[in-house]
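**Student:** Pasting a predicted model and its sequence here:
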Amino acid sequence: MKAIVHEKYGPPEVLEIKELTKPVPENDEILIRIHATTVNRTDCGLRKAETFIARFFTGLLKPKQKILGTEFAGIIETTGKDVKEFKEGDHVFGHSGDKFGAHAEYICLTEEDPVVIKPDNMTFEEAASVCDGAILAWTYLRKANIQKGQRVLINGASGSIGTAGVQLAKHYGAEVTAVCSTENMKLVKELGADRVIDYTKEDFTKDNLDYEVVFDAVGKSSFLRCRDILKPGGIYFSTELGFMAQNPFLDILTSVIGNKRAMFPLPKYTKEDVLFFKGLLEKGYLKAVIDRKYSLEQIVEACRYVETGHKKGNVVIIIDE
C-alpha cells in the first residue's frame, strides 16, 4: 500500500510516499481502505516536534509514529472473525486517536475504536473532515457545560476546531461571538455566529461584552489578556500550551485562586462522541467545512498550506476516488 512516511523530524519535505506491506487485521479488527483523510495542526506539530519536551512522548531522536493522520473515511475491506458490528463493504468514518496511521491507503482498527458507519448524506471527503475539530471543540465546550443563553467567544472561529465550536455552541443555545479575519466573516455567520469580530480591525480582548466562556481555538491569546472579558465564574480555554507551557499550570492555580478559571482539559477520542457527531450531521446541526483538497502525492504542499495558519475549516487528502 502507499503511505506517507517521515523517518525524521523537520519541515514538510521530510514526508515521503513509500510502498509498504498492506496490514492484515487481527481477529478483533477491521481493515479499512481509506478514501479520504486530512492534514491538521496536530499532524504538522508532531512532524516538526519543535517543542523538545514533546519528543519524550513521540521519540527523542526520531519519530516512533512514522505514519501520521487521524481522520479518515473509507470502506471496510476485511473484518476479523470476532468482529460483530461491521461487515465488508460498510462505509465508515472516524478517528484513529493516538494510533495515527490515516495517511495511508489502509488502516486497521478495532470495532471499539472511534469508527462508525458514515452518514448517507455525506461524501467521503466531508465525513473525513469532521472528527478531529469536533472532538477538540466538544472537549472544551462540554467541560464548560454550555447552557442556553450563555455568551461564548471563539477566537479562530474559521479553522477546523473553530468552525466545529461555533456550530456546537449554537446547537446548545449559546450566543456566539466569532473572531476571525475579514475574508472569513461570511463563513462563520453562515455557521450560526451571532456576532463577528474582525481581528484585523479590532482587539477582541477589549470587547464591551463579557462572557461565560472564551475559547481560543488557535491558541494565540492568553488567560491574562482575556481575563477582563470573562464574567465572574467564567472559563478561558486554549488549544495550545501557551507561553512557557503556562496553561496546564493555570488550570491548577485558578482552581484555588480567583473567581475566573483557565482550564486545559485533554481530549479523549471515543466512539460515543463520533456517534454523537453522526447524529448531528444527519440532522443538519453540524456540517463539514472544507477549504482545499489535495492528492496523496501533494502531501507536502498540503502541509505547507496548513502551516500558513490561514486555512478555513479542513484540508482534505483524497487517497482513493
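**Tutor:** Nice, I can see it.

**Student:** from here on, contacts and neighbour counts on C-alpha atoms
**Tutor:** Fine.

**Student:** Report the separation between I30 and F277.
**Tutor:** Here I30 is placed at a distance of 21 Å from F277 (CA to CA, to the nearest Å).

**Student:** Please say which of these two ends up with more neighbours.
**Tutor:** The residue with more neighbours, out of I30 and F277, is I30; 27 against 21, by other CA atoms under 10 Å.

**Student:** That one bridge partners, please.
**Tutor:** Beta-bridge partners recorded for I30 (DSSP bridges): T79, L109.

**Student:** Surely it and K84 touch.
**Tutor:** No. With contact defined as CA atoms under 8 Å, I30 does not count as touching K84 (10.3 Å).

**Student:** Can you give me the domain boundaries for the chain?
**Tutor:** 2-130+288-318, 133-263 (automatic domain parsing).

**Student:** Let me see the backbone angles for I317.
**Tutor:** Here is the backbone geometry of I317 (degrees, to the nearest 10): phi -110, psi 120.

**Student:** Report how many residues lie close to it.
**Tutor:** Neighbours of I317 (other CA under 10 Å): 26.

**Student:** wait, what's in contact with the closest residue to T78 other than its chain neighbours?
**Tutor:** Using CA to CA, 6 or more residues apart in numbering and skipping the chain neighbours, the partner closest in space to T78 is L31 (5.1 Å). By CA atoms under 8 Å, 6 or more residues apart in numbering, the residues touching L31 are P23, V24, P25, I76, E77, T78, T79, Y106, I107, C108, L109.

**Student:** Next one: L31 from D113, what distance?
**Tutor:** In terms of CA to CA, L31 sits 12 Å off from D113.

**Student:** again with E88
**Tutor:** Taking CA to CA, one finds E88 at 17 Å from D113.

**Student:** what's around G234, how many residues?
**Tutor:** Using other CA under 10 Å, G234 is surrounded by 20 other residues.

**Student:** Check whether it sits in a helix, strand or coil.
**Tutor:** strand (DSSP: H, G, I helix; E, B strand; the rest coil).

**Student:** tell me the contacts of E85?
**Tutor:** Counting by CA under 8 Å, 6+ apart, E85 has contacts E111.

**Student:** Tell me the pLDDT of it.
**Tutor:** With respect to pLDDT, E85 scores 95.

**Student:** just T51 next, same as before
**Tutor:** 69.

**Student:** I'd like the numbering to begin with 22 instead of 1 from here.
**Tutor:** Yep, numbering from 22; the last one is T72 now.

**Student:** Nearest residue to T131 in space, please, no chain neighbours.
**Tutor:** Nearest to T131 is E50, by CA to CA, 6+ apart, at 4.2 Å.

**Student:** Check the burial of the nearest residue to Q86 once chain neighbours are set aside by counting its neighbours.
**Tutor:** Closest residue to Q86 apart from its sequence neighbours, by CA to CA, 6+ apart: T79 at 7.0 Å. Close neighbours of T79, defined as other CA under 10 Å, add up to 17.
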